[in-house]
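In: Requesting a structural model of the entry that follows:
(one chain, ligands or ions: 2)
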Amino acid sequence: MKLLGIETSCDETAAAVIEDGRVIHSNIIASQADMHAKFGGIVPELASREHLITIIKVIEHSLDIANVALRDLNGIAVTNGPGLAGSLLVGVNSAKGLAWANDLPLIGINHLEGHVYAAWLEGRDPEIDPGFPLLCLIASGGHTDLILMHDHGKFSLVGRTRDDAAGEAFDKVARVLGLGFPGGPAIQKVAQLSSGEEPRLPRPHVKNSLDFSFSGLKTATIRRAEEKGLYPRTRGQEINESEIANLSGAFQEAIVETMVKRTLEAAKHYRVNGILLGGGVAANTLLRKELVSQSDLDVVMPSPGLCTDNGSMIGAAGFFQFNKGFCRQWDMDVIPNLKLG
Ligand code: KG4
Ligand code: ZN
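Out: Numbers count the residues shown, from 1 in each chain. Ligands and ions are numbered 1, 2, ... in the order given. You can find the predicted model right below:
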């Protein structure tokens, strides 16, 4: 079964052709990161306009690379939440128009479920190896969720951030340190140059719960930047690269340690068969390394390029949804605060 997967929930215009939820025939991503970088974060109005300009080109390109025509597809899957309303609308309306004109089934996909199904795209079947139940850590710009996956399409939320998402904390700290947007990859890069001498930053801990909290760590990092004279920066001030690298390293270490610890606690508590990692922050090298080395359980994670937003994960999730019965969701709406589990 070949599906077109469309993703426009945030600042990536993406489309992919996916077979049987596992095989990638094409995976096209037009990133708006450079456009938003000068504002230090995503500007929703600009994001939706840019999706509007780019979406048809991206879809055409994905069909060309996969060497299929729309009428040869078995259906279209599109993200309908959570995300920015104006951005989601562009993907959903494009999907509706194309499905209607070509008499194709149409299904709306939860973006977070898409991040989960990215793990099916690279030669593994997590439902067999290591098998359900799985504990999923989905960490992105808007979410840091611990989700139990009991079976295909059966999820329950067991932990979440009480304030900032992990990606949001990366982005805010990077902005303060003048490292640009998106912050996660920028912090990861400069942290490689850290001497490791920076005194520890606090490890946030929410008592008697599997929830996260990152705003205290973010604030402590910003305070430290102020004490070191790194922020706010005055005009013409020299950039102190080694101090920025050291502070980035200490921040990355603290946030990764917090995520790993909580995920392992939850995995033990729920006696799962394995851990599944997903979302943009799952591209982080230290997080991947620490989770694998500290876990007794098998950790399934997509390669970094499939952790950040893409259409393939939507096409993969769509396959498992369509398996339950074909849909023609002509009345589909966008749901900016859609939950999973
Ligand atoms: O899943 P995603 O692409 O979009 C959302 O659904 O939000 O996640 C984007 C987030 C951004 O906050 C970005 O800074 C973060 O993922 N990110 C990373 C890395 N790559 C992307 N965070 C830490 N380390 C990375 N290598
Ligand atoms: Zn995402």
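In: how about the helices of the stretch 51-200 of the chain, start to end?
Out: 85-101, 111-117, 166-176, 183-191 (DSSP state H, counting those that start in this stretch).
In: now those as JSON lines including distance to ligand 1 and mean neighbour count?
Out: Where you see a C-beta, it was placed from the backbone N, CA and C, and this is true even at glycine. Below are the helices of the stretch 51-200 of the chain laid out as JSON lines (distance: least, C-beta to the nearest ligand atom, whole Å; neighbours: other C-beta atoms under 10 Å):
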{"stretch": "helix 85-101", "distance to ligand 1": "11", "mean neighbour count": "20"}
{"stretch": "helix 111-117", "distance to ligand 1": "6", "mean neighbour count": "28"}
{"stretch": "helix 166-176", "distance to ligand 1": "3", "mean neighbour count": "24"}
{"stretch": "helix 183-191", "distance to ligand 1": "2", "mean neighbour count": "21"}
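In: Make TSV from these and add distance to Ala15 and mean pLDDT to it.
Out: Formatted as TSV, these follow (distance: least, C-beta to C-beta, whole Å; pLDDT from 0 to 100):
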stretch	distance to Ala15	mean pLDDT
helix 85-101	9	98
helix 111-117	13	98
helix 166-176	23	97
helix 183-191	23	98
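In: Can you check which of those helices gets nearest to Ser312?
Out: helix 111-117 (8.8 Å; C-beta to C-beta).
In: Longest helix in this protein, please.
Out: helix 241-270 (DSSP state H).
In: Could you tell me the angle between that helix and helix 183-191?
Out: Here the directions of helix 241-270 and helix 183-191 differ by 120 degrees (axes from the mean of the first three to the mean of the last three C-alpha atoms, to 10 degrees).
In: which helices and strands sit right next to helix 241-270?
Out: strand 134-139, strand 144-151, strand 154-160, helix 166-176, helix 183-191, helix 215-227, helix 285-294 (3 or more C-beta pairs under 8 Å, 6 or more residues apart in numbering; DSSP states H and E).
In: Any part of that helix near ligand 1?
Out: No. Applying C-beta under 6 Å from any ligand atom, one finds helix 241-270 out of contact with ligand 1, separated by at least 7.8 Å.
In: check contacts around the residue in the stretch 101-250 of the chain that ligand 2 sits nearest to.
Out: Nearest residue of the stretch 101-250 of the chain to ligand 2, counting by C-beta to the ion: Ser140, 4.1 Å away. When contacts are counted by C-beta atoms under 8 Å, 6 or more residues apart in numbering, Ser140 touches 115, 165-167, 279-281.
In: give me that answer again for 7 Å
Out: Under the criterion of C-beta atoms under 7 Å, 6 or more residues apart in numbering, the neighbours of Ser140 are 115, 165, 167, 279-281.
In: Switch those over to a markdown table; also include distance to Ala317.
Out: Formatted as a markdown table, those follow (distance: C-beta to C-beta, whole Å):
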| residue | distance to Ala317 |
| --- | --- |
| His115 | 9 |
| Ala165 | 20 |
| Gly167 | 20 |
| Gly279 | 14 |
| Gly280 | 16 |
| Val281 | 19 |
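In: which of those sit farthest apart?
Out: Farthest-apart pair in the contacts of Ser140 is His115 and Ala165; separation 12.5 Å (C-beta to C-beta).
In: contact partners of stretch 153-172?
Out: The contact list for stretch 153-172 (C-beta under 7 Å, 6+ apart) reads 41, 139-149, 181-184, 187, 206, 210-215, 217-218, 255, 259, 262, 266, 270, 280-281, 320-321, 324, 340-341.
In: orientation of the next helix or strand after the longest helix of the chain relative to helix 285-294 in degrees?
Out: Once the chain leaves helix 241-270, the next helix or strand it forms, by DSSP states H and E, is strand 274-278. Inter-element angle recorded for strand 274-278 and helix 285-294: 180 degrees (by the same axes, to 10 degrees).
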